[in-house]
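Trainee: Next comes the sequence, and after it the predicted model I'd like to discuss.
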Amino acid sequence: MARLSRGVRKFLADAAADWYLSPTTVAIICILPFVVAFLGASTALMGKPTYKWFTGEDGFAETLQVIFYTSTLIMALIAASRYWRSGEKLIGVLYLGLSGALIFMIGEEISWGQRIFGWQTSESFAAINKQEETNLHNVYGVGSTFKWIQMLVGAYGTIFPLLVWRWSRLQPYRDRLWAIIPHYTLIGYFVMLFVWRIYRNLFDPPEGFYFVVSEYNEVLELALALGFVFFLVFQLRRLSKRPRGAPGSNTS
């Protein structure tokens with residue numbers, strides 16, 4: 001037990017140095033995705049109305065996802081500008097690409113403003129969309145592609161951080177790799193969706209629990225969205241703490 005305690009303290013101390021935060025704050029960041037998963041499961045136990053409030057269309061989880069992705073978009077644009085101005089233009093372009101992906105994700109979540117402004121879906125599009133809305137992820141035959149993409153995003157945020165953290169050959173490049181790979185303290189935000197997507201993409205949920213299982217993806221998507229927020233918070237903290245004139249520092 002004492003050895004485990006020392007290991008946890010060392011883990012948090014090393015991570016805190018990367019984050020420029022206290023070990024306690026880093027510990028909270030590590031625990032939060034599991035808190036989100038627990039809260040989602042708890043609402044399912046409270047009954048279908050509560051669970052639908054949490055996971056339903058324009059519900060609590062989906063609204064927070066839009067807020068988190070919008071916050072991430074703003075920070076990604078800031079990071080892109082700082083990397084570009086510091087001479088790391090390739091990384092800047094990658095963050096611009098991330099910004100474009102975030103705009104697409106936000107647009108899909110709100111059906112490109114349809115539910116906000118109340119405009120009608122065209123008959124031709126409604127015929128191929130299972131929710132009769134203007135978005136791609138609910139188009140028959142297309143939605144499964146988004147599910148596999150989710151699995152790949154989860155895999156990226158699970159496997160690559162572990163490699164950077166533990167593989168000795170990558171240690172000389174560790175600081176540069178953290179610019180494009182989530183820090184290992186953020187693995188929890190990605191690994192649950194990764195494992196969940198493997199299960200859901202390959203197997204059907206139990207018939208008696210179909211609604212609970214199928215809607216739980218919204219809970220894990222919420223954890224993922226929060227993970228993206230912290231990924232960008234990590235980047236901006238690194239950029240702001242670098243010595244002036246160093247690669248990635250804000251020299252303006």
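Mentor: That came in fine, so what should we check first? This is a predicted model, so every value here is computed, not measured.
Trainee: what kind of secondary structure is the closest residue to residue 114 other than its chain neighbours in?
Mentor: In space, and not counting its chain neighbours, residue 114 is closest to residue 134: 5.1 Å by CB to CB, 6 or more residues apart in numbering. For the C-beta atoms, the positions are set from N, CA and C on the backbone; glycine is no exception. Three-state assignment for residue 134 (DSSP: H, G, I helix; E, B strand; the rest coil): coil.
Trainee: Now residue 134. Its backbone dihedrals?
Mentor: Note on residue 134: backbone dihedrals following degrees, to the nearest 10 are phi -90, psi 80.
Trainee: That one against residue 111, yeah?
Mentor: Yes. Using CB atoms under 8 Å, residue 134 is in contact with residue 111, at 5.4 Å.
Trainee: tell me the contacts of residue 218?
Mentor: Applying CB atoms under 8 Å, 6 or more residues apart in numbering, we find residue 218 in contact with 40, 54, 55, 59, 61, 62, 65.
Trainee: mind showing which ranges of the protein have poor pLDDT?
Mentor: For the chain, applying pLDDT under 70 flags the ranges 1-4, 118-119, 123-126, 132, 242-252.
Trainee: can you pull out the strands in it?
Mentor: Counting by DSSP state E, one finds no strands in the chain.
Trainee: Spatially central residue for it, please.
Mentor: residue 224 (3.0 Å; CA atoms, centre = their mean).
Trainee: Quick check: that residue touching residue 151?
Mentor: No. Using CB under 8 Å, residue 224 is not in contact with residue 151, being 11.4 Å away.
Trainee: Find residues that contact each of the two.
Mentor: Common contact partners of residue 224 and residue 151 (CB under 8 Å, 6+ apart): residue 193.
Trainee: For residue 169, see how far away residue 176 is.
Mentor: 14 Å (CB to CB, to the nearest Å).
Trainee: which one of these two has more residues nearby?
Mentor: The residue with more neighbours, out of residue 176 and residue 169, is residue 176; 15 against 7, by other CB atoms under 10 Å.
Trainee: residue contacts, that one?
Mentor: Residues near residue 176 by CB under 8 Å, 6+ apart: none.
Trainee: Can you go through the contacts of residue 218 and name the buried ones?
Mentor: Using 16 or more other CB atoms under 10 Å as the burial test, the contacts of residue 218 include 40, 54, 55, 59, 61, 62, 65 as buried.
Trainee: so the second one touches residue 61, yeah?
Mentor: Yes. The pair residue 54 / residue 61 is scored as a contact, 5.7 Å apart, by CB under 8 Å.
Trainee: which neighbours do the two share?
Mentor: 40, 218, 219.
Trainee: Just the C-alpha atoms of stretch 102-120, please, in CSV.
Mentor: Taking Å, rounded to 0.1, in the frame of the first residue of the first chain, the C-alpha atoms of stretch 102-120 are listed here in CSV:
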residue,chain,number,x,y,z
LEU,A,102,-14.7,21.3,-34.2
ILE,A,103,-16.9,23.6,-36.3
PHE,A,104,-18.2,20.6,-38.0
MET,A,105,-18.9,18.8,-34.7
ILE,A,106,-20.7,21.8,-33.2
GLY,A,107,-22.7,22.2,-36.4
GLU,A,108,-23.7,18.5,-36.3
GLU,A,109,-24.7,18.7,-32.6
ILE,A,110,-27.1,21.6,-33.2
SER,A,111,-28.2,20.3,-36.7
TRP,A,112,-26.5,23.4,-38.1
GLY,A,113,-28.9,25.7,-36.2
GLN,A,114,-32.1,24.1,-37.3
ARG,A,115,-33.5,23.5,-33.8
ILE,A,116,-32.4,27.0,-32.7
PHE,A,117,-34.0,28.9,-35.6
GLY,A,118,-36.8,26.4,-36.3
TRP,A,119,-36.3,26.1,-40.1
GLN,A,120,-37.8,23.0,-41.8
